[in-house]
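> Provided below for reference: sequence and predicted model.
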Amino acid sequence: MSATLRSLNWTSVTWTPSGSPVVLTGVQSVAFDTGGSLLPFSGDGDRAVTTLVNDFFDPSCTITFANVNAASSLVIGQTGTLTATLNDAKNKAATGGGALIYTLSNAMIENVPQSGSHRQYGSASVSIKSFSTDGATNQLSIAAA
Amino acid sequence: MPDEPKYHAALLPPGYGAKKAGPNGHALLAIKKEFAPIFGSKLVHARHYGEQTLISGDPADTVLDRNKQERYHWTEREDGVLMGTLIVQTEDQS
């Protein structure tokens, strides 16, 4: 059961605050952003950037899903942990099969827009940001299942 | 009761997982295979710490504590990997 090195579909997308976890179903997209940024410097007679460093990171995540009912359990400003599994194309979420488990620690819900249209499935999304406890270690981690 | 692991985390140099896995391998699976038994954990979570990668069994682990003090005592292996032994338990990070 070797990993295909191809990913397909998200499962076990879960928001875990201090209370009961909220499992998001009908997930159509999950987008993690590592949130890196570079700070360029130039001065004097420079006509190009002469120093470039990664000075900051600000990881975040946006999820789009169909279970609008679950969206009502997501509270803006609430802190918790977000986990989501990106399945291996063939082995799905099997242990050792190549699936990736993403975890955004110290996360906080920013916004939960919800919508529906005539003859279309209702849809919700949640945008989540996070904060660091040490100001140095990225809050977004990835593990092999 | 299982023995307490000697190491609780590691700092990997850039490209360590890819080198370990080989050209058609899975870097995170290679890291898990090597380090899960060392940490005594089911999963091995990886996240960036500057140009290095911090790996440990708990995704909420950090290199420093809230007071910017080292949480681990680091021992360097011959291949450049820093093996960390926890010296300070962090408080609840929620």
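Thanks, I have the structure now.
> residue contacts, residue 43?
Going with chain A. Residues in contact with A:G43, defined by C-beta atoms under 8 Å, 6 or more residues apart in numbering or on different chains, are A:T50. For every residue, glycine as well, the C-beta is placed using N, CA and C.
> wait, I meant chain B there
A:I101, A:A143, A:A144, A:A145, B:K32, B:A36, B:G57.
> quick one: which of the residues you listed is nearest to A:V68?
A:I101 (25.6 Å; C-beta to C-beta).
> If you tally nearby residues, what's the number for the closest one?
19 (other C-beta atoms under 10 Å in any protein chain shown).
> As a check, name the ranges of all strands in chain A.
A:7-16, A:22-23, A:27-33, A:36-41, A:51-57, A:60-65, A:79-88, A:100-111, A:114-115, A:123-130, A:140-144 (DSSP state E).
> swap in chain B?
Using DSSP E, the strands found in chain B span residues B:9-12, B:45-49, B:52-56, B:72-76, B:82-86.
> what about the first one, average pLDDT?
Over the span of strand B:9-12, the pLDDT mean works out to 98.
> try the last one
Rounded to a whole number, the mean pLDDT of strand B:82-86 is 97.
> Could you tell me how far it lies from the centre of the chain?
8 Å (C-alpha atoms, centre = their mean, to the nearest Å).
> Give me the most central residue, chain B.
In chain B, the residue lying closest to the centroid (C-alpha atoms, centre = their mean) is B:I55, at 2.6 Å.
> quick one, what contacts that one?
B:A9, B:A10, B:L11, B:L12, B:I31, B:F35, B:V44, B:H45, B:A46.
> Looking at those residues, which is nearest chain A?
B:H45 (4.0 Å; C-beta to the nearest C-beta).
> residues contacting the closest one?
A:I101, A:T103, A:S141, A:I142, A:A143, B:I55, B:S56, B:G57, B:D58, B:P59, B:D61.
> picking up where we left off before, now render the strands of chain B as CSV, adding distance to B:R66.
Below are the strands of chain B laid out as CSV (distance: least, C-beta to C-beta, whole Å):
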stretch, distance to B:R66
strand B:9-12, 17
strand B:45-49, 16
strand B:52-56, 16
strand B:72-76, 15
strand B:82-86, 15
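> Let me know which of the ones you listed is the nearest to A:A3.
Within these, the stretch nearest A:A3 is strand B:45-49; the backing value is 15.7 Å (C-beta to C-beta).
> For chain A, which residues are neighbours of chain B?
By C-beta under 8 Å from any C-beta of the partner chain, the residues of chain A that approach chain B are A:3, A:5, A:18, A:34, A:57, A:79-81, A:96, A:98, A:100-101, A:103, A:105-106, A:132-145.
> my guess is B:W74 contacts B:G84, does it?
Yes: B:W74 is in contact with B:G84 according to C-beta atoms under 8 Å; the separation is 5.5 Å.
> Can you mark which positions in stretch A:66-86 are buried?
Residues of stretch A:66-86 classed as buried by neighbour count (16 or more other C-beta atoms under 10 Å in any protein chain shown): A:66-68, A:70-71, A:73-74, A:78-86.
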